[in-house]
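Q: Have a look; sequence and predicted model below, questions after that.
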Amino acid sequence: MTMNGFDPTSEGIDKKLALHFYSRWKFVDELLPLLEKASSDGEEARMMSILAPGTSLGALDTTDFGLKKNYSVTRAARQGPGYNDNFVAEYAARHPNVSFIHINPGAVNSSLTQNILPWYFKPLLFPVTLFLRSISDCGEYMTSALLNPAYKTGGFWLNQSVDSISTSRLYVGDEDARQKLVEHYTKEVAF
């Protein structure tokens with residue numbers, strides 16, 4: 001986790017967006033033949049992206065995919081979840097026999113909470129950790145979502161309690177914008 005500005009990979013993709021979006025879906029693309037094969041063989045085929053569904057800044061900005069024109073840490077933090085929300089919708093439509101889940105783990109007491117603050121804030125962190133979900137509890141919720149029969153096929157956006165997120169919080173309705181995002185993604189990961 002970093003609060004630095006635009007920090008490109010050798011391919012010119014911001015490292016935060018590379019982690020939160022591009023690499024996830026490149027991984028999914030590589031596994032799709034196996035997911036489709038499992039499904040055609042009668043097995044369940046599911047994919048889960050763990051980030052923050054329903055927290056994007058709104059409709060996709062089709063003029064600045066990858067935030068190369070107008071970058072901010074806040075935009076990067078919100079755009080990654082929005083891209084994932086849209087890809088869940090798009091891939092669920094393209095692959096109707098596979099389950100695509102985007103889930104929010106909630107506030108988890110992980111090493112990330114210990115390592116992101118400067119040393120002088122760490123004593124203040126202890127009381128906060130009392131209200132965070134343990135790693136094992138989070139894992140149980142995530143696993144229950146992945147194995148839940150209700151999420152066998154289709155696209156799903158879930159909160160930390162494995163409840164569906166209101167579609168009013170999701171910006172995935174514009175098929176034209178989704179297609180432009182897919183075209184952008186395809187161009188960026190074609191290496």
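A: That came through, no problem.
Q: going forward, measure contacts and count neighbours with C-alpha atoms only.
A: Noted.
Q: how about stretch 27-45: buried residues?
A: For stretch 27-45, a neighbour-count test (16 or more other CA atoms under 10 Å) marks 28, 32, 35-36, 38-39, 44-45 as buried.
Q: Nearest to residue 178 among these?
A: Comparing the buried residues of stretch 27-45 against residue 178 with CA to CA places residue 28 closest, at 17.0 Å.
Q: In a helix, that closest one, correct?
A: Yes. The assignment for residue 28 (DSSP: H, G, I helix; E, B strand; the rest coil) places it in a helix.
Q: Chain neighbours aside, what residue packs nearest to it?
A: Nearest residue to residue 28 in three dimensions, chain neighbours excluded: residue 47, at 7.6 Å (CA to CA, 6 or more residues apart in numbering).
Q: Point out the other helices and strands that whichever strand or helix holds the one you found packs with.
A: Assigned by DSSP states H and E, residue 47 falls within strand 46-50. Counting contacts by 3 or more CA pairs under 8 Å, 6 or more residues apart in numbering; DSSP states H and E, strand 46-50 packs against helix 23-40, strand 99-103, helix 135-147.
Q: what about the ones you listed, which gets the closest to residue 179?
A: helix 23-40 (14.7 Å).
Q: Next SSE downstream of the lowest-mean-pLDDT helix or strand in the chain?
A: Taking mean pLDDT, DSSP states H and E as the measure, helix 111-115 is the helix or strand of the chain with the lowest mean score, a mean of 68. Per DSSP H and E, the first helix or strand lying C-terminal to helix 111-115 is helix 122-129.
Q: Which of the buried residues of stretch 27-45 sits closest to residue 142?
A: The nearest member of the buried residues of stretch 27-45 to residue 142, counting by CA to CA, is residue 45 at 15.7 Å.
Q: Show the contacting residues for the closest one.
A: With CA atoms under 8 Å, 6 or more residues apart in numbering as the criterion, the residues that contact residue 45 are 35-36, 38-39, 97-99, 152-153.
Q: One more: residue 19?
A: If you count contacts by CA under 8 Å, 6+ apart, residue 19 has none.
Q: Quick check on it: phi, psi?
A: phi -70, psi -40 (degrees, to the nearest 10).
Q: Residue 52 contacts residue 79, doesn't it?
A: No. Here residue 52 does not reach residue 79: they are 10.2 Å apart, not a contact under CA atoms under 8 Å.
Q: before we move on, the earlier item: would you turn the buried residues of stretch 27-45 into TSV with distance to residue 140?
A: Listed next are those as TSV, based on distance: CA to CA, whole Å:
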residue	distance to residue 140
28	23
32	25
35	23
36	26
38	24
39	24
44	19
45	19
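Q: want to try TSV for the residues you listed, with pLDDT and distance to residue 19 as columns?
A: Putting those into TSV (pLDDT from 0 to 100; distance: CA to CA, whole Å) gives the following:
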residue	pLDDT	distance to residue 19
28	97	13
32	97	19
35	97	22
36	97	24
38	97	27
39	96	27
44	94	26
45	97	23
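Q: Just name the closest of those to residue 105, please.
A: Among the buried residues of stretch 27-45, and counting by CA to CA, the member closest to residue 105 is residue 28, at 19.6 Å.
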